[in-house]
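Trainee: Quick one, structure for this:
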Amino acid sequence: MKSVLIVMGLLGVTSLSAEELLIKNVRLVETSFQSGKVRDLRIVNGVITQIGADLVASAGAAVFDGEARAVTPGFIDSGTTIGLAEVSGLGVSHDGEQVDDDMTAGFQVHLALNENSSLIPIASNDGITRGLIVPEAGDSNYAGQSALVRFKQGSAFLQEKTMAQHLYLRESDRRRAGGSRSSALAAALEALEESARYDEQRRAFNTNKNRAFNLDESDLIALSAVRLGKVPLVVQVDRAADIIKVVTAFGAYPRLRLILAGATEAWKVAPLLNVENIPVLINVMENLPQNFDRLGARLDQATLLADAGVRFAFFSGSPYSETRSLSQAAGIAVAQGLSWQQAITAITAGPAEIWGLKGLGRIEVGAIADLVIWDGDPLEVTSAPVTVLIDGARVDLETRQDALAKRYVELLNLK
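Mentor: Below you'll find the predicted structure:
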C-alpha cells in the first residue's frame, strides 16, 4: 500500500527534472541498512545544494516525501555491455568486439552504442545510474576503448567517449598471440614501445619518411594515451603469477595508470597491489575454478582485498546472467565478511574514485544528484528502487518485460 501511495505522490509532482526539487524525509544510510538520520535533500539544477531537517520548499519547487525510506547514491557499474548487445546468444546483435584484426586498440565502442537499448531500464531497476561500457576480446589482446554512460534512454545516454583502454591477458586470451601468455604480454609491451616511436617521429610518419610501423595510426594514438597516463589501462588477468608479471612489466612506464579486472587470484598478491596502489575490479559471483588460472577463486575475495587495503570496485560483466548482478554481488560479499558500508562503497564512491568521476558516488552538498530511494535493503535481491534520479531527473523504470506483461494481462482480461 505504501508503494502505491508513493507512486501516486510522484505522479502528483509537477516535474522531477524541475530547476529545484525537494526530497523530504529520506534516510541517509551509514553503517547498515537500518542506520542513518532522516533528512531532506534540496536539489537545484541536478546538484545537491542543501541537506538538513525540515527544509522549506521554494516557490515553484517540486516536492515529494520519501517516507523515511533509505536513499543511496546511484550505483556505478565498472564493466558491462549494455548498449552494445541485445541478445547474448545471437551473434549479430553484438557490437562490442572486432574479429579478424590482431590489433584493435583504436576501437571505440561509443560509436556503436544503442541509446534506446531495451536493457537500459534493467540497469536502472538495479539502482545503477552510470556504468562503463567495455569492449570484449575479439581477435586482439588490446580490445579497444570503453565509454561512460548514464543509464537513461535517449540522447543523454553517452557521457564520456573514452574512459580506458582494455587489454585481455587471461588463459583463454593467449591464443590471440600465438598460444603463449609470454608472447601475449611481450606483444602488448612492444605495442606501447611502437607508440613511443610514433610520438617521436610523428612528423616523419605524416610525410611517410620513417621506418614502417606495424600498427595503424588509430592504434598508435590510443596506446600513446595509455603510455602517457591520459587514460588508464585495464588489464583482464586472473592468475597470481601473471598479475605479478603484469604489475612489474607495466611498472616500467611511470605515467601509466594500471587497473586490474577480473583478477581472480588478486587476493594472493594483495600486499603488492596495496604498495603499488593498483585498484582491482572484481565480480565475486564468478567464483568457480573454471580453468587453471582460476584455481584460487573464492567468494571472500573482496574481504581479503579490503583487509589488505587494496582499492576495489564491483562490476557485473554482463546483463544476461542476473538482472540484479551488481547489488547481488555486493550482498554476497557482505555474507562473506565485508561490511555493509564497504560493499555499498564498492558500487558508489569506490568506482567514482577509481574512474575520477567527480561529484558522483556520494550524498553530500555539491554532489551530482544521482540518487536511488529503495523499498528495502539495497543489497537484498528482493528489494527494488522506488525512485531513481540521474542528474536530479527521474528515470522511467518500466522495462520491456513490464510492458509485455501489461499487454498480455489486458488481452487475457478481455477474454
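Trainee: Residue 184: what secondary structure?
Mentor: Following DSSP: H, G, I helix; E, B strand; the rest coil, the label given to residue 184 is helix.
Trainee: And the closest residue to residue 291 other than its chain neighbours, how close does it get to residue 237?
Mentor: Nearest non-adjacent residue to residue 291, counting by C-beta to C-beta, 6 or more residues apart in numbering: residue 171, 5.1 Å away. From N, CA and C alone the C-beta is placed, and that goes for glycine too. Residue 171 sits 9 Å away from residue 237, taking C-beta to C-beta, to the nearest Å as the criterion.
Trainee: higher neighbour count, the two?
Mentor: Taking neighbours as other C-beta atoms under 10 Å, residue 171 and residue 237 compare with residue 237 leading, 28 against 16.
Trainee: can I assume the more buried one is in contact with residue 243?
Mentor: Yes. The pair residue 237 / residue 243 is scored as a contact, 5.7 Å apart, by C-beta atoms under 8 Å.
Trainee: which neighbours do the two share?
Mentor: Counting by C-beta atoms under 8 Å, 6 or more residues apart in numbering, the common neighbours of residue 237 and residue 243 are 260, 263.
Trainee: Contacts only, for the residue nearest to residue 291.
Mentor: 181, 238, 239, 291, 292, 293.
Trainee: Can you flag the buried ones in the residues you listed?
Mentor: 181, 238, 239, 293 (16 or more other C-beta atoms under 10 Å).
Trainee: now could you export just the CA positions of the biggest strand by length in the chain as CSV?
Mentor: When the chain is parsed with DSSP state E, its longest strand is strand 62-73. What follows is strand 62-73, C-alpha atoms only, in CSV (Å, rounded to 0.1, in the frame of the first residue of the first chain):
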residue,chain,number,x,y,z
ALA,A,62,8.8,20.1,-7.0
VAL,A,63,8.4,18.2,-3.7
PHE,A,64,7.8,14.6,-2.7
ASP,A,65,8.0,12.6,0.5
GLY,A,66,10.4,9.7,0.8
GLU,A,67,8.6,8.3,3.9
ALA,A,68,11.8,7.6,5.7
ARG,A,69,13.0,5.1,3.1
ALA,A,70,16.7,4.5,2.5
VAL,A,71,18.4,6.6,-0.1
THR,A,72,21.8,5.7,-1.6
PRO,A,73,24.0,7.3,-4.3
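Trainee: ok, the buried ones among the contacts of residue 171 vs residue 75, which is closest?
Mentor: Proximity of the buried ones among the contacts of residue 171 to residue 75 (C-beta to C-beta) peaks at residue 238, which lies at 24.6 Å.
Trainee: what sits against the closest one?
Mentor: 170, 171, 262, 263, 264, 265, 293, 294.
Trainee: 10 Å - rerun?
Mentor: 169-172, 260-266, 286, 290-297 (C-beta atoms under 10 Å, 6 or more residues apart in numbering).
Trainee: just residue 348 next, same as before
Mentor: Residue 348 makes contacts with 72-76, 127, 129, 313, 330, 360-363, 370, 372, 378, as judged by C-beta under 10 Å, 6+ apart.
Trainee: Repeat that for residue 395.
Mentor: So residue 395 contacts 16, 74, 120-121, 123-125, 129, 150-153, 370, 372, 385, 387-389 (C-beta under 10 Å, 6+ apart).
Trainee: And the residue nearest to it when sequence neighbours are not counted, which helix or strand is it part of?
Mentor: Excluding the flanking residues, the one nearest residue 395 by C-beta to C-beta, 6+ apart is residue 388, at 4.4 Å. Secondary structure from DSSP states H and E places residue 388 in strand 385-390.
Trainee: rewinding a little: tell me, what's touching residue 171 and residue 237 both at once?
Mentor: Here residue 171 and residue 237 have 181, 293 as joint contacts, going by C-beta under 10 Å, 6+ apart.
Trainee: In contact with residue 257, which residues?
Mentor: Contacts for residue 257 (C-beta under 10 Å, 6+ apart) come out as 164, 226, 228-234, 250, 277-279, 354, 356.
Trainee: what's the distance between it and residue 78?
Mentor: Distance from residue 257 to residue 78, by C-beta to C-beta: 15 Å.
Trainee: go on, residue 184?
Mentor: Distance from residue 184 to residue 78, by C-beta to C-beta: 23 Å.
Trainee: Now do stretch 265-280, average pLDDT.
Mentor: On average, the pLDDT along stretch 265-280 is 98.
Trainee: Only the buried residues of it, if you could.
Mentor: So, applying 16+ other C-beta under 10 Å, buried residues of stretch 265-280: 265, 266, 267, 268, 269, 270, 272, 273, 278, 279, 280.
Trainee: and it, C-alpha only, in CSV?
Mentor: In CSV, the C-alpha atoms belonging to stretch 265-280 read as follows (Å, rounded to 0.1, in the frame of the first residue of the first chain):
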residue,chain,number,x,y,z
GLU,A,265,43.7,-14.6,-7.6
ALA,A,266,44.4,-10.9,-6.7
TRP,A,267,44.0,-11.8,-3.0
LYS,A,268,47.2,-13.8,-3.2
VAL,A,269,49.2,-10.7,-4.1
ALA,A,270,47.2,-8.1,-2.2
PRO,A,271,50.2,-6.7,-0.4
LEU,A,272,51.9,-5.9,-3.8
LEU,A,273,48.7,-4.2,-5.1
ASN,A,274,48.4,-2.2,-1.9
VAL,A,275,52.0,-1.0,-2.2
GLU,A,276,51.7,-0.1,-5.9
ASN,A,277,48.2,1.5,-5.3
ILE,A,278,46.7,-0.6,-8.1
PRO,A,279,42.9,-0.8,-7.9
VAL,A,280,41.0,-4.0,-8.8
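Trainee: quick one, domains of this protein?
Mentor: Domain ranges of the chain: 2-73+372-403, 75-359, per automatic domain parsing.
Trainee: Quick one, which of these gets closest to residue 413.
Mentor: Ranking those by proximity to residue 413 (C-beta to C-beta) places domain 2-73+372-403 first, at 15.9 Å.
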